[in-house]
Structure formats: structure tokens, C-alpha cells
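>>> Attaching a predicted model along with its sequence, questions to come.
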2 protein chains.
Amino acid sequence: MASLLSSDERLALATDLAQWSMVANRDAITRSYQFKDFKEAFAFMTQCALMAEQMNHHPEWFNVWNRVEVTLSTHDAGGLTKLDLDLARSMDRYANALLAK
Amino acid sequence: MASLLSSDERLALATDLAQWSMVANRDAITRSYQFKDFKEAFAFMTQCALMAEQMNHHPEWFNVWNRVEVTLSTHDAGGLTKLDLDLARSMDRYANALLAK
């Protein structure tokens, strides 16, 4: 099972994943993405879904029109693990590629 | 623009779309679906996304693992219209096909 992030790993969050923030009262991170339209938002979700399934680590996410709000935490471990950081980085990479078009 | 549902059309909701319920303090309907796993939940979401894009009418939805929570309302009209009923029926049809497997 993945182990909870160390203090050092948590510090890295602030630089490496600066657009993510901690969820109140929960060991989880959250970020909101905004795309051009629904088609682009769902293209992003599809890329993330394939990666999540491959990692066997899945997001909690909400979508309305061009907006996708993501929360990441590792349920089995009861908080943030390396899996969350890896998935967050992949999601940022997919979003940046779409937003740069 | 689609017009708000009449009283008669609202009555039909209770029979035709019995698994949907009204959202508190908002002219919107909501339903939660539960699938076998994430892969099945996202297969459902993909079918719905293609239909939503075709209708140019999109859901508000939340997904975690095998669960999908959907809220439907027509923003432009400020409440429920026929578009919401049509999308709800399509979503139920996709879900039923997956759940019957």
C-alpha cells in the first residue's frame, strides 16, 4: 500500500504543484481547471480517466460545462500519498497541453 | 430558447423519471448512479458526454470511483426544461444498459 507523504514531500507540493491547494479538514489536494468549452473539458477528463485506470488510482471530480474541479487523496492510506502527486502532475500536463493550443 | 416545464410536464417526472428527485431550493433534478467500477462509470459518462454535446445541453456531475451524481437544469432558462427530461431519459437508458450486463 502507498504510504502517507512525509513532511519534506509535502513541502514540495507548494513549488511543484503550486496551483493545487489543501482541502479544509481533510488530507487531500484540490484544483479547478477551466477550458474553452465542454468538449475540451471532457477531452481532459478522458485523458485523466485512462491514466487513473492505468494507475488504479482515481480522482474525485466535478464537471460543469468548461470547468473541472478535482480532489485527490488516497482512500486506502487515509490521506495524501505519492499516487496523488503523480496523478496531479499528469493532470496538469494534460491540461497545459490543451490550454496551450 | 427552451421554455420552463409546465405543471403537467412536472407531474410526469414522478412516474417517467421516478429515480430522479428535485434539488432543494433550485429548479433542478438529481440522480445518483452506481456502477461496477470506475471503468464502467466512465464508460457511462462518455456516452452521456457525446449525447450532451450533440444536444448542446450539459450535465453538472460528480464522479468518485463507481459513483456518478448528476444534476440537470437549463441555465439559460433558469430552471427545468424539456432538454433536462430528454437528457435524463438518455442517461437512464445508458445506465440501464450497462447495469443489465
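Yep, that arrived.
>>> From here on, just use CA atoms for contacts and neighbour counts.
Fine.
>>> In three-state terms, label the residue sitting nearest the centre point of chain A for me.
Nearest to the geometric centre of chain A sits residue A:88, at 3.5 Å (CA atoms, centre = their mean). Secondary structure for residue A:88, judged by DSSP: H, G, I helix; E, B strand; the rest coil, is helix.
>>> How about the residues of chain A by chain B?
Contacts of chain A with chain B, taken as CA under 8 Å from any CA of the partner chain, map to A:38-39, A:42, A:49, A:53, A:58-65.
>>> Which entries within these meet the buried criterion?
A:38-39, A:42, A:49, A:58-59, A:61-65 (16 or more other CA atoms under 10 Å in any protein chain shown).
>>> Show only the entries of the residues you listed found in strands.
A:61-64 (DSSP state E).
>>> what sits against the nearest residue to residue A:2 once chain neighbours are set aside?
Nearest residue to residue A:2, sequence neighbours excluded (CA to CA, 6 or more residues apart in numbering or on different chains): residue A:81, at 6.1 Å. By CA atoms under 8 Å, 6 or more residues apart in numbering or on different chains, residue A:81 lies in contact with A:2-5, A:73-74.
>>> How about residues contacting stretch A:51-58?
Applying CA under 8 Å, 6+ apart, the external contacts of stretch A:51-58 come out as A:49, A:59, A:72, A:74, A:83-84, A:87, A:90, B:38-39, B:64-65.
>>> Now do the helices in chain A.
Applying DSSP state H to chain A gives helices spanning A:7-16, A:38-55, A:82-99.
>>> so can I have a markdown table of those showing distance to residue A:22?
A markdown table is the format used below for these (distance: least, CA to CA, whole Å):
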| stretch | distance to residue A:22 |
| --- | --- |
| helix A:7-16 | 10 |
| helix A:38-55 | 20 |
| helix A:82-99 | 12 |
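>>> weakest of these in terms of mean pLDDT?
Mean pLDDT across the helices of chain A is lowest at helix A:7-16; the value there is a mean of 86.
>>> Now do the buried residues in that one.
Neighbour-count burial for helix A:7-16, counted by 16+ other CA under 10 Å, picks out residue A:13.
>>> can you give me the angle it makes with helix A:82-99?
10 degrees (axes from the mean of the first three to the mean of the last three CA atoms, to 10 degrees).
>>> So what touches helix A:7-16?
By CA under 8 Å, 6+ apart, helix A:7-16 touches A:20, A:85.
>>> For it, C-alpha coordinates in PDB please.
Below are the C-alpha coordinates for helix A:7-16, written out as PDB (Å, rounded to 0.1, in the frame of the first residue of the first chain):
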ATOM      1  CA  SER A   7       6.900  16.400   5.700                       C
ATOM      2  CA  ASP A   8       9.600  17.000   3.000                       C
ATOM      3  CA  GLU A   9       7.300  15.600   0.300                       C
ATOM      4  CA  ARG A  10       4.500  17.900   1.500                       C
ATOM      5  CA  LEU A  11       6.800  20.900   1.300                       C
ATOM      6  CA  ALA A  12       7.500  20.100  -2.400                       C
ATOM      7  CA  LEU A  13       3.800  20.500  -3.100                       C
ATOM      8  CA  ALA A  14       4.000  24.200  -2.700                       C
ATOM      9  CA  THR A  15       6.500  24.600  -5.500                       C
ATOM     10  CA  ASP A  16       5.900  21.700  -7.800                       C
END
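>>> No further questions, thank you.
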